[in-house]
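J.: Below are the sequence and a predicted model; questions follow.
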Amino acid sequence: MDVAISSADTLDGTDIQRIYRSLRRIRRIEEEVARVYPTDRIKSPVHLSIGQEAISVGVIDLLGAEDVVGGSYRGHAAYLAKGASLPAMVAEMYGKATGCNAGKGGSMHLIAAAQNVIGASAVVGTHIPVACGHALALKRRRSSAVVAVFFGDGAVEEGVFYESLNFASLHKLPVLFICENNGFAIHEPLAKRWATDRLCERVATFGIPAERVADGDVFKIRSLAGKFIADMRAGGGPGFLECLTYRWREHVGPSEDYDAGYRQRSDLEKWIANDQVARLGGMVDGTVRAQIDTEIEQEISAAFAFAESSPIPETKELYTHVFAD
Amino acid sequence: MDVAISSADTLDGTDIQRIYRSLRRIRRIEEEVARVYPTDRIKSPVHLSIGQEAISVGVIDLLGAEDVVGGSYRGHAAYLAKGASLPAMVAEMYGKATGCNAGKGGSMHLIAAAQNVIGASAVVGTHIPVACGHALALKRRRSSAVVAVFFGDGAVEEGVFYESLNFASLHKLPVLFICENNGFAIHEPLAKRWATDRLCERVATFGIPAERVADGDVFKIRSLAGKFIADMRAGGGPGFLECLTYRWREHVGPSEDYDAGYRQRSDLEKWIANDQVARLGGMVDGTVRAQIDTEIEQEISAAFAFAESSPIPETKELYTHVFAD
Amino acid sequence: MSLPTDGVRPLKYVDALREAVEQEMERDPDVFLFGLDVDDHKAIQGSTQGLLAKFGAERVFTTPLSEDAMTGVAIGAAMAGMRPIHVHIRNDFLMLCMNQLVNIAAKAHYMYGGSVKVPMVVRSMIGKSWGQGAQHSQALHSMFMHVPGLKVVAPSNAHDAKGCMITAVRDNNPVIFVEHRLLYSTESAVPEEPYTVEFGRARLCSRGDDVTVVAVSNMVIECLRAQELLSEIGIHAEVIDPISLVPLDIETIHASAMRTRRLVVVDNAWTCCGASAEIVARVLEMAGPRAGIEVRRMGFETTTCPPSPWLEAHFYPNPSTVAKTIHSMVRGTDAEWEPDPDRVRLAYQVQFNGPF
Amino acid sequence: MSLPTDGVRPLKYVDALREAVEQEMERDPDVFLFGLDVDDHKAIQGSTQGLLAKFGAERVFTTPLSEDAMTGVAIGAAMAGMRPIHVHIRNDFLMLCMNQLVNIAAKAHYMYGGSVKVPMVVRSMIGKSWGQGAQHSQALHSMFMHVPGLKVVAPSNAHDAKGCMITAVRDNNPVIFVEHRLLYSTESAVPEEPYTVEFGRARLCSRGDDVTVVAVSNMVIECLRAQELLSEIGIHAEVIDPISLVPLDIETIHASAMRTRRLVVVDNAWTCCGASAEIVARVLEMAGPRAGIEVRRMGFETTTCPPSPWLEAHFYPNPSTVAKTIHSMVRGTDAEWEPDPDRVRLAYQVQFNGPF
Ligand SMILES: Cc1ncc(C[n+]2csc(CCOP(=O)(O)OP(=O)(O)O)c2C)c(N)n1
Ligand SMILES: Cc1ncc(C[n+]2csc(CCOP(=O)(O)OP(=O)(O)O)c2C)c(N)n1
Ligand SMILES: [Mg+2]
Ligand SMILES: [Mg+2]
């Protein structure tokens, strides 16, 4: 069964199932992180992706193993969508030796070199030029691989964002910039931070084609990303995607915070009504879906069990890796 | 006699004479700096304004004493146009105690607090947010004064430029940004540094009206600046002016450098043909002009003589002003 | 240093900071407070609570995420005669505005020949625990100490936090105000009235003849606890809190070290080119070769801060490691001694569980 | 440290830098060179001359004025397996990219659990004279020494410049490469072949029993001249060039100071929390209280660098002030001595007249 998507792309049932699985899996992992969080077994602050999964999933669905992904401290979704290890991620949050960063990074810096997840910075926006450096290396090596780098609406206020755009365009680097615009930096709304919302227009003046997806539609995101990625593989320069989205939970931590007064639950409700996990779930055959859901739960249980039973780092690990050999 | 200007403004003979005097004065001062330079009496690197005078003069002609001007290390023109002391400037270059910075700044940091010349940074672009801070103070104090800040085409590549634009627009600060685009940062042409030349378009996306003057016409510059300044005095936000121009001499130092290979003398010749000093000179009655020119020469001689005869700083001055009382 | 005693009540560090800023903003309309999140409901852990309501959005406002330009804005506003207090929620983020701080703020008064002043305060917090790790746990004050023209203060208790903040706001120079997150909830006796704590005068926190301990910021608390543990076995540590690092009251430290002949500097930071190096070097330069002062520096381990608590536990000096270091200096390295772990655990500093 | 002797010829520091980069770029296609102005006709005072022509614009290229992002680009490229050499014409400009260097480059290998490496070299020059003043004359290496994960080298002669550059390019960590503008024209014997100068091994520049002088970067030249002046009156200084500041060969310095009982550290930088503080503190920690080592730090005056030459003359240590300091340590403060000004003037370091 082929499904006609608003974006005019055509995806078959396998595609839909794969995308659903990825969305659902991330959602459930994050929910489980939130559930476990109060037990204090997670030893790291957590910036959950719940509600924003469609962006990572939509973009990364079209990337291959050799392609590169960089994200921010709110980077669980991108890490997972790229196929990096779930047990290693949970173990990292648990501060265990088996973590993807060996217990030395924490949830804000997830890395998976084998899957080309290049790590993340907790200093907003500062991973963007690093991603451009990866793109430069790919280009110099005549690779057809590309880089996708994710960041929030706060990151575009940092000067380094503009410096990076200019350089990436000047050198026609294969890097797709993706702004996950959830309208807030911590509790501060765009209105207090952005002079205007003409972001795509601005990025375009750097000679970078820029598109905006206002409704969180995973297929639109995927389709636009696909166009950019194809262009980049053909030697074109960078692309830019602004995706409006919504952070369902608090900025950091497991809970909701609609009582804090800085935003309204009614805004959440609009986004819940448009939830891509539920939407895609509805597009998958019930039996298949149940099967997928079960597998996800099993994978999650196993991952948390793995983290739980993993050894803590040896004290000497405090001193290793200060310098590389 | 009224002179009809291309920009449709009307200036009378006094205006033209004043503008001519300012242009000619700066040109001659800079030429004198260049002439004296090889004698080693000037104790500071010099980044001459020769060829770029019309920008400072055109903008600052419409500013009052209470208005504020900030510039870069290539800031002699702005300093002089704002009416700051010539003897103090020359003395500063000579490293004398009577210098505008008491011999502690040098040519790259000229300041004149009494004339609201707020100083300059030698780290490209980093004076731009400082100028915005002055504008914030003016606004908070309900002053109708405005700030004009000058910088080169290199400065707009620094992230802090964009951060400053966003903040200035967000807070509707009375600051006029003026980019003196002479096509080079030291010897590097725009083509190696700018992804595109859509600068004004980009600035406009911050909600800042932006205009470009391509031909160096002092009247156009003055007229556009006048519009921005009037808007700001009326409570409007910042404005942006990009002025194409040409640096006639080498980046730093007194000489020409057309033998270096990075640019052509033919480019200079186009700009010489369009020289605003000569142009305005031609608009002033010969006798008046001779009188102005003579006065300028006398002023310059006196300033250099003042610098020459000024005392050197006392050694203890090395240690004063590290902290303010 | 003025120490009024009327209207004194126990107050938390976080509230002392807030009160100082409130009183200065009342006193002087040129004082304003800005920085990311100063106006939200969390109010920088409460340290800016209520100020927006009281002074309005012109004087209390958040900013875009543009630390570099915002620092320039503070400098410009300060040069124009205002008195900005610029807040960063993390000390680590100061790396984004080093150029403005080092190349402009520190130098403006000097390079402009004394014709301008830059009266601004830069607040920022040092993080610890909760797995914040590499980029949210640094304490980089020594970088600012290195550059002439910047003042650096790191009050360790609520009283000094209030007094230093008032002094900082009134100072005509850029002041880097170093706060430690774990100090926020600590209480001390704080007068209601505005008062100043003079920069460049160290505080003697405990008297002792066996060793001089200079402790910076949060380490004052850790060292006082170590001092308690040691006093139980008859070792008497003189704990000195320099309060301000620039200017530094080296005379008090030097005089104490000349008496005790042992100097331990415990910084809440790395030691290499740190405040601890400076204090040790300066004391020994002053003391001369015949003083016979034994010196030791303690601080962050020479590594990156890991989030895993089992590793992080060894990253910081703590009452036990400080006490043991001092014990071995006083009683010799052969003398074995392990402070009672239960007593060590009683240290005020329980594991921090966030939020940031 | 390898010291081949075949094909040795006198070479200038600036050419030694160029040659090292050229040879490494030939050897390893992953090495590339970028930074503002590396490809123009001035070629960073000649230190990148000819490299564009030889290796092409993909491997030798200028950048926009975007120090922060360009540093991030270097880091990313390095993480991806390349070996960038990023050039800044001024040490002062590193303040613009402190965040990338401190919060990412220094920490990546550690915080990513060893799964990535960041092999990059950051070149930058220290300026002096020609009235460059406040923002073009700083030497901020101690800030980098403070942060674990960064290596810092400051070769003082052409031989070490070449060998250190080759070592730096091959190192798998970020290396801050500190150059002094006034060293560029100095010559020393440099082998034609590629060779490495090992980090963490100090060089003994002159032997002496009266005082140990540790000199950093350009100060090696100044101190050797001071040593000459002193030797004429029978005072013998042991001048040590640490070459690399991180890692630091403290053992060599310590051993020398234990013998001479006098340690003078002369840094080409401010002293507060500087390399000089670190070296003094570390030696005295190691030496213990009974070593009786007299210590002295010299460096920039604690002020901003002024452009006026009459003020600037007093800002830096020079052969005369170094010699006099040592003289008073060895012969006592009462012993008056003024080095012959003519002999002092013979110092290699004539007034620098630019260009930058
Ligand atoms: C440079 C910097 N400034 C401030 C912070 C504190 N901070 C942490 S997350 C955050 C919000 C960033 O917002 P955005 O980029 O929109 O990402 P989101 O959290 O919404 O995904 C801020 C301000 C930081 N980490 N880094
Ligand atoms: C941040 C920074 N990077 C590099 C330099 C070195 N530099 C000095 S002047 C200059 C050129 C700047 O060009 P532009 O802004 O166009 O001004 P212009 O000199 O053309 O007036 C450069 C790169 C500097 N001073 N500051
Ligand atoms: Mg956001
Ligand atoms: Mg230019």
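T.: That came through fine. Ligands and ions are numbered 1, 2, ... in the order given.
J.: Stretch A:97-108: which residues count as buried?
T.: The neighbour-count check on stretch A:97-108 (16 or more other CB atoms under 10 Å in any protein chain shown) flags A:97, A:98, A:99, A:100, A:101, A:102, A:103, A:104, A:105, A:106, A:107, A:108 as buried. No exception for glycine: its C-beta is placed from N, CA and C like everyone else's.
J.: I'd guessed the fourth one sits against residue A:113; true?
T.: No. Proximity of residue A:100 to residue A:113 does not meet the contact threshold set by CB atoms under 8 Å, at 9.2 Å.
J.: Kindly reformat the buried residues of stretch A:97-108 as CSV containing distance to ligand 2 and pLDDT.
T.: CSV is the format used below for the buried residues of stretch A:97-108 (distance: CB to the nearest ligand atom, whole Å; pLDDT from 0 to 100):
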residue, distance to ligand 2, pLDDT
A:97, 43, 98
A:98, 44, 98
A:99, 39, 98
A:100, 37, 98
A:101, 33, 98
A:102, 37, 98
A:103, 38, 97
A:104, 33, 98
A:105, 32, 98
A:106, 33, 97
A:107, 35, 97
A:108, 29, 97
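J.: from these, which is closest to residue D:163?
T.: residue A:104 (32.8 Å; CB to CB).
J.: How about chain A: which residue is closest to ligand 4?
T.: residue A:166 (15.4 Å; CB to the ion).
J.: could you say which helix or strand contains that residue?
T.: helix A:159-170 (DSSP states H and E).
J.: One more: residue C:264?
T.: Short version, using DSSP H and E: residue C:264 is in strand C:262-270.
J.: Any residue of the helix holding residue A:166 touching ligand 2?
T.: No. Interface with ligand 2: helix A:159-170 contributes nothing (CB under 6 Å from any ligand atom), its closest point being 11.3 Å away.
J.: Check the buried residues of stretch A:97-108 one by one and keep those near chain C.
T.: A:99, A:103, A:104, A:105, A:106, A:107, A:108 (CB under 8 Å from any CB of the partner chain).
J.: so which two of the residues you listed are the farthest from each other?
T.: Most distant of those, by CB to CB, are A:103 and A:108, 13.3 Å apart.
J.: related to what we said a few turns ago, pull the distance from the strand holding residue C:264 to the chain's centre.
T.: Averaging C-alpha positions (CA atoms, centre = their mean, to the nearest Å) puts strand C:262-270 13 Å from its chain's average.
J.: any idea of the angle the next helix or strand along the chain from it forms with strand D:262-270?
T.: Toward the C-terminus, strand C:262-270 is succeeded by helix C:275-287 as the next helix or strand (DSSP H and E). If you take axes from the mean of the first three to the mean of the last three CA atoms, to 10 degrees, helix C:275-287 sits at 130 degrees to strand D:262-270.
J.: Any idea how many residues pack against residue A:40?
T.: Look at residue A:40: counted by other CB atoms under 10 Å in any protein chain shown, it has 10 neighbours.
J.: Tell me the spacing between it and residue A:104.
T.: 20 Å (CB to CB, to the nearest Å).
J.: circling back to that earlier point, for chain B, state which of the buried residues of stretch A:97-108 is nearest.
T.: residue A:108 (22.3 Å; CB to the nearest CB).
J.: Look up phi and psi at that closest one.
T.: Main-chain dihedrals, residue A:108, degrees, to the nearest 10: phi -90, psi -10.
J.: what does the one 10 residues further on give?
T.: In this entry, residue A:118 is assigned phi and psi values of phi -90, psi 10 (degrees, to the nearest 10).
J.: same check, this time on residue C:180
T.: phi -110, psi 130.
J.: if I look at it, how far off is residue C:139?
T.: Taking CB to CB, one finds residue C:180 at 8 Å from residue C:139.
J.: quick one: which of the two has more around it?
T.: The neighbour comparison of residue C:180 against residue C:139 (other CB under 10 Å) goes to residue C:139, with 28 against 24.
J.: Quick one: the strands in the stretch 51-200 of chain A, in order.
T.: Secondary structure of the stretch 51-200 of chain A by DSSP state E, counting those that start in this stretch: the strands cover A:68-72, A:117-121, A:147-152, A:175-181, A:184-185, A:188-189.
J.: To clarify, my last question referred to the stretch 251-356 of chain C.
T.: Applying DSSP E, counting those that start in this stretch to the stretch 251-356 of chain C gives strands spanning C:262-270, C:294-300.
J.: Indicate the residue of the stretch 201-350 of chain C located nearest to ligand 3.
T.: residue C:307 (22.7 Å).
J.: how close does that residue get to residue B:11?
T.: Counting by CB to CB, the gap from residue C:307 to residue B:11 is 67 Å.
J.: And for residue A:174?
T.: Taking CB to CB, one finds residue A:174 at 53 Å from residue B:11.
J.: more neighbours, the two?
T.: The neighbour comparison of residue A:174 against residue B:11 (other CB under 10 Å) goes to residue A:174, with 31 against 20.
J.: Does the more buried one touch residue A:232 like I think?
T.: Yes. Judged on CB under 8 Å, residue A:174 makes contact with residue A:232 at a distance of 4.0 Å.
J.: shared neighbours, the two?
T.: Residues touching both residue A:174 and residue A:232 by CB atoms under 8 Å, 6 or more residues apart in numbering or on different chains: A:146, A:238.
J.: What is the burial count for residue C:23?
T.: Neighbours around residue C:23, by other CB under 10 Å: 19.
J.: wait, residue C:304
T.: Neighbour tally, residue C:304, other CB under 10 Å: 26.
J.: which residue is nearest the centroid of the chain?
T.: Picked chain A for this. residue A:78 (3.0 Å; CA atoms, centre = their mean).
J.: Chain C, not that one
T.: Note: chain C centre (CA atoms, centre = their mean) maps to residue C:154, 2.0 Å.
J.: OK, contacts around the closest residue to residue C:106 other than its chain neighbours?
T.: Nearest in space to residue C:106, with sequence neighbours left out and distances taken as CB to CB, 6 or more residues apart in numbering or on different chains, is residue C:149 at 3.4 Å. By CB under 8 Å, 6+ apart, the contact list for residue C:149 reads B:322, B:323, C:105, C:106, C:107, C:108, C:109, C:110, C:173, C:174, D:304.
J.: got the phi/psi numbers for the residue of the stretch 151-300 of chain C found nearest ligand 2?
T.: Closest residue of the stretch 151-300 of chain C to ligand 2, CB to the nearest ligand atom: residue C:174 (20.4 Å). With angles defined as degrees, to the nearest 10, residue C:174 sits at phi -70, psi 130.
J.: For the residue lying closest to it once chain neighbours are set aside, which residues are in contact?
T.: In space, and not counting its chain neighbours, residue C:174 is closest to residue C:105: 4.2 Å by CB to CB, 6+ apart. Contacts for residue C:105 (CB under 8 Å, 6+ apart) come out as C:71, C:75, C:118, C:120, C:149, C:150, C:174.
J.: In terms of pLDDT, where does residue C:105 sit?
T.: At residue C:105, the model reports a pLDDT of 98.
J.: ditto for residue A:207
T.: 98.
J.: my guess is it contacts residue B:196, does it?
T.: Yes. Between residue A:207 and residue B:196 a contact is recorded at 4.4 Å, counting by CB under 8 Å.
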